[in-house]
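J.: With the sequence up front, the predicted model follows.
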Amino acid sequence: MSETTVKPDLHYRRFTTDDITAAHGLSVAVRWPHRPEDWRFAFDAGTGFVAEENGAVIGTALCWKFGAARGTLGMVIVSPDQQGRGIGRKLMELVLDELDERVTFLHATPAGQPLYEKLGFAACGALTQHQGTVEQAPPVVLPQGETLRAITPTDLPVLIELASRGSGLDRSATLPALLGVAQGGVVLERDGEITGFALARQFGRGYAIGPVVAAPSADNERAKALVSHWLTQHVGNFVRIDVPGGAGIEAWLPTVGLVPVDSVVKMVRNAEAAQHSVEPDAAWRAYGIINQAMA
């Protein structure tokens, strides 16, 4: 009896909600922590493509548009047993075509950086992932004259402005969507003026803190107060925060149980790297991002 050879039928198409289960399977295969819910949030906020062969999804890539001129990309995964076939590069080309001439950012692992450089990206910064199980609630030390309270609906316009200024990306659509899935949010304020805010939500193995945006302060006390607040809510839980390089809280985080476990390179395309190697706004700093894909 002769063997039947199945001819590979590799093609690329738009990512749909029906692909979330398969995409989650791919992220499990490469040991990423994302839950199906995390994939759904990411896809609902953006768009993307899959590589499909003989009815099975073997690769993914998503991208996000922020305003008219900027974007990010991420969730680029190729099944471990299908790597080396150029699938990742093709998926990257598709999302880059989607983003067109936008100034585009991504966070690259050492393994992915050479490919991204060939596609026109240049290093412009760094990001460190901190995580751990919170064993003890740290004290929440507020800056003198400032108070901490829960976010209210009337805060939204100001929070969108601060999130946009801190990240350099238009958050007018992203922040309302994030508030829809967040566990909650808090703001710092002085004399009725907001000086910082932070959100927390379920993510991966536990909870993620971010974004954390605040006006720079002595010893970064505003950012520390905001992060400490969320740690007091999650004693016994696994918590993660992704911190841009140079934020100034990297040495403090291990003292409250969030140790560095990984670093990635921030890269930019369609712009000079030097232009994006500094804070996008001197008055507002991002101490924690939404995630490495949407930044």
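T.: On my side now, so go ahead. It should be emphasised that the depicted structure is a prediction, and the values quoted were computed from it without experimental measurement. Residues are numbered from 1 along each chain as shown.
J.: Give me the nearest residue to residue 139, chain neighbours excluded.
T.: Counting by CB to CB, 6 or more residues apart in numbering, residue 228 is the residue found nearest to residue 139 once chain neighbours are left out, at 6.9 Å. Quick note: C-beta positions are derived from backbone N, CA and C, even for glycine.
J.: For residue 32, grab the count of nearby residues.
T.: Neighbour count of residue 32, defined by other CB atoms under 10 Å: 14.
J.: what does the one 10 residues further on give?
T.: Look at residue 42: counted by other CB under 10 Å, it has 22 neighbours.
J.: thinking again about what came up before, now do the helix or strand hosting the residue nearest to residue 139: which elements does it pack against?
T.: Per DSSP states H and E, residue 228 falls inside helix 221-232. Here helix 221-232 touches strand 147-150, strand 184-190, strand 193-203, strand 206-214, strand 238-244, strand 285-288, going by 3 or more CB pairs under 8 Å, 6 or more residues apart in numbering; DSSP states H and E.
J.: let's go with 6 Å and repeat that
T.: Secondary-structure packing of helix 221-232 (3 or more CB pairs under 6 Å, 6 or more residues apart in numbering; DSSP states H and E): strand 193-203, strand 206-214.
J.: highest average neighbour count across those strands?
T.: Mean neighbour count (mean count of other CB atoms under 10 Å) peaks for strand 206-214 among the helices and strands packed on helix 221-232, with a mean of 25.
J.: So what touches the helix or strand harbouring residue 63?
T.: Residue 63 is part of strand 56-66, with elements assigned from DSSP H and E. Here strand 56-66 makes contact (CB atoms under 6 Å, 6 or more residues apart in numbering) with 19, 22-23, 42, 45-46, 48-51, 71-73, 75-79, 82, 87, 91, 95, 98-99, 169-170, 294.
J.: now stretch 154-161
T.: Residues outside stretch 154-161 that contact it (CB under 6 Å, 6+ apart): 171, 172, 175, 194, 197.
J.: Show me what counts as buried in the helix holding residue 228.
T.: By neighbour count with 16 or more other CB atoms under 10 Å, helix 221-232 contains the buried residues 221, 222, 223, 224, 225, 226, 227, 228, 229, 230, 231.
J.: How far does that helix sit from its chain's centre?
T.: 19 Å (CA atoms, centre = their mean, to the nearest Å).
J.: Run through who's touching that helix.
T.: Contacts with helix 221-232, where a contact means CB under 6 Å, 6+ apart, come from 134, 137-138, 140, 142-143, 186, 188, 196, 198, 200, 209, 212, 214, 249, 256, 287.
J.: Just the C-alpha atoms of it, please, in PDB.
T.: Extracted in PDB, the C-alpha atoms of helix 221-232 (Å, rounded to 0.1, in the frame of the first residue of the first chain):
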ATOM      1  CA  GLU A 221       7.700  58.800  44.800                       C
ATOM      2  CA  ARG A 222       4.500  59.200  42.800                       C
ATOM      3  CA  ALA A 223       5.200  56.100  40.700                       C
ATOM      4  CA  LYS A 224       6.100  54.100  43.800                       C
ATOM      5  CA  ALA A 225       2.900  55.100  45.600                       C
ATOM      6  CA  LEU A 226       0.800  54.100  42.600                       C
ATOM      7  CA  VAL A 227       2.500  50.700  42.200                       C
ATOM      8  CA  SER A 228       2.500  50.100  46.000                       C
ATOM      9  CA  HIS A 229      -1.300  50.700  46.100                       C
ATOM     10  CA  TRP A 230      -1.800  47.800  43.700                       C
ATOM     11  CA  LEU A 231       0.600  45.600  45.500                       C
ATOM     12  CA  THR A 232      -1.400  46.000  48.700                       C
END
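J.: for it, what is the average pLDDT?
T.: Mean pLDDT, helix 221-232: 98.
J.: Just the contacts of strand 56-66: which are in strands?
T.: Mapping these onto strands (DSSP state E) picks out 48, 49, 50, 51, 71, 72, 73, 75, 76, 77, 78.
J.: Those residues into TSV, with extra columns for pLDDT and neighbour count?
T.: Formatted as TSV, the ones in strands among the contacts of strand 56-66 follow (pLDDT from 0 to 100; neighbours: other CB atoms under 10 Å):
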residue	pLDDT	neighbour count
48	98	24
49	98	23
50	98	24
51	98	25
71	98	26
72	98	26
73	98	26
75	97	26
76	96	24
77	96	26
78	97	23
